[in-house]
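Trainee: sequence first, then the predicted structure, then my questions.
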Number of protein chains: 2
Amino acid sequence: MLIGDLAEKSGLSVDTLRYYEKIGLIPKAPRDGGGRRVYDAAMLRWIDFLDRLKATGMGIKDRLRYADLRGKGAASLGLRRQMLERHRGKVAEDIARLTEVLSVLDDKIDLYRKMEAGGPVDPSFENCARTGHGAQ
Amino acid sequence: MLIGDLAEKSGLSVDTLRYYEKIGLIPKAPRDGGGRRVYDAAMLRWIDFLDRLKATGMGIKDRLRYADLRGKGAASLGLRRQMLERHRGKVAEDIARLTEVLSVLDDKIDLYRKMEAGGPVDPSFENCARTGHGAQ
DNA sequence: CTAGGTGCTGGAGTGCACTCCAGGTCAAGA
DNA sequence: TCTTGACCTGGAGTGCACTCCAGCACCTAG
């Protein structure tokens, strides 16, 4: 698999893949006769996992640290687990925060609907007091 | 309330508040005799709401658009509601994605625990097949 | 055998969202 | 009155995460 195929399958751009290799997020790919990078399916799985870490808000530095540990093999299992556990905690917090904001948004959307309908403002105002935000 | 108090209460830095005013995210504050910005509690509520939008992944451009609509008053209620509805959809998607990754992380943490204990690799491997990721 | 598509490198450029700084003004307490 | 701390402005700098580009090599189909 050449870099173009991997780009298509992973959803990353060719430039991004080379950038990831440059900074060490993915291992240096072996080359074919013409100097072109050759990838296998394992790399695709690794990139997919990196993508999940990224999609859940893990920055590039932490992903790099994780990639580095992974390169060290079984000896780093404990540290990798610790990183994942910490990250798990953050993801859980994010879910909680998003869920809370979801209900604030629902309240506000509701309030706007009522205001658009020229409806009564009093219940909206209570709603405003409850969420801590008015019609903004 | 001067800018330092607002910074403390909102959790933003003084620089960020001035930056927000510069780009139009918050209205230009009236000044006191010495040319210093004076804020009231309503501004704090607005900033808190902006912060929720930001914390749920709304970029500065969209926050600016929302702020701009807000400045237009009641006439923009419908458009603001539409923005919030779209954003609500994104937040719901984010929650779904995070929740999915949470279980991937749980599986992986579990797998690592077993590997650290020198336990059997077969169940871990099935787990790996299920989540689409091995020990990485 | 040549044209087009893909790949390579090193380095510059981009967009976001701040963050910091120099050099100044102003106000309130000792 | 003097000092200290908070505030002001315009503009430069930062960190992240890519993204793009020039100029070149290579390989394959026609």
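Mentor: Right, received. Where do you want to start? As the structure is a prediction and not an experimental result, all values here were calculated from the model.
Trainee: and the lengthiest helix in chain A, how far out from the chain's middle?
Mentor: Of all segments of type helix in chain A, defined using DSSP state H, the longest is helix A:77-116. Chain-centre distance of helix A:77-116: 13 Å, with Cα atoms, centre = their mean, to the nearest Å.
Trainee: measure residue A:86 to residue A:19 for me?
Mentor: Residue A:86 is 26 Å from residue A:19, where distance means Cβ to Cβ, to the nearest Å. C-betas here are computed from N, CA, C, even on glycine.
Trainee: picking up where we left off before, next, see if the longest helix of chain A gets close to DNA strand D.
Mentor: No: Helix A:77-116 stays clear of DNA strand D (Cβ under 7 Å from any atom of the strand), getting no nearer than 13.2 Å.
Trainee: mean confidence (pLDDT) on that helix, please.
Mentor: Averaging pLDDT along helix A:77-116 yields 96.
Trainee: with stretch A:34-43 instead?
Mentor: pLDDT averaged over stretch A:34-43 gives 95.
Trainee: contacts for that stretch, please.
Mentor: A:1, A:2, A:3, A:5, A:6, A:21, A:26, A:27, A:29, A:30, A:31, A:32 (Cβ atoms under 8 Å, 6 or more residues apart in numbering or on different chains).
Trainee: so which bits of it are buried?
Mentor: Neighbour-count burial for stretch A:34-43, counted by 16 or more other Cβ atoms under 10 Å in any protein chain shown, picks out A:37, A:39, A:43.
Trainee: and if you look at stretch A:47-59?
Mentor: Under the neighbour-count criterion of 16+ other Cβ under 10 Å, stretch A:47-59 has A:47, A:49, A:50, A:52, A:53, A:56, A:58 buried.
Trainee: farthest-apart pair in these, please.
Mentor: A:47 and A:56 (15.2 Å; Cβ to Cβ).
Trainee: show me which residues of chain A sit near chain B.
Mentor: Contacts of chain A with chain B, taken as Cβ under 8 Å from any Cβ of the partner chain, map to A:45-46, A:48-49, A:52, A:55-56, A:70, A:74, A:77-78, A:80-81, A:84-85, A:87-88, A:91-92, A:94-95, A:97-99, A:101-102, A:104-106, A:108-109, A:112-113, A:115-116, A:132-136.
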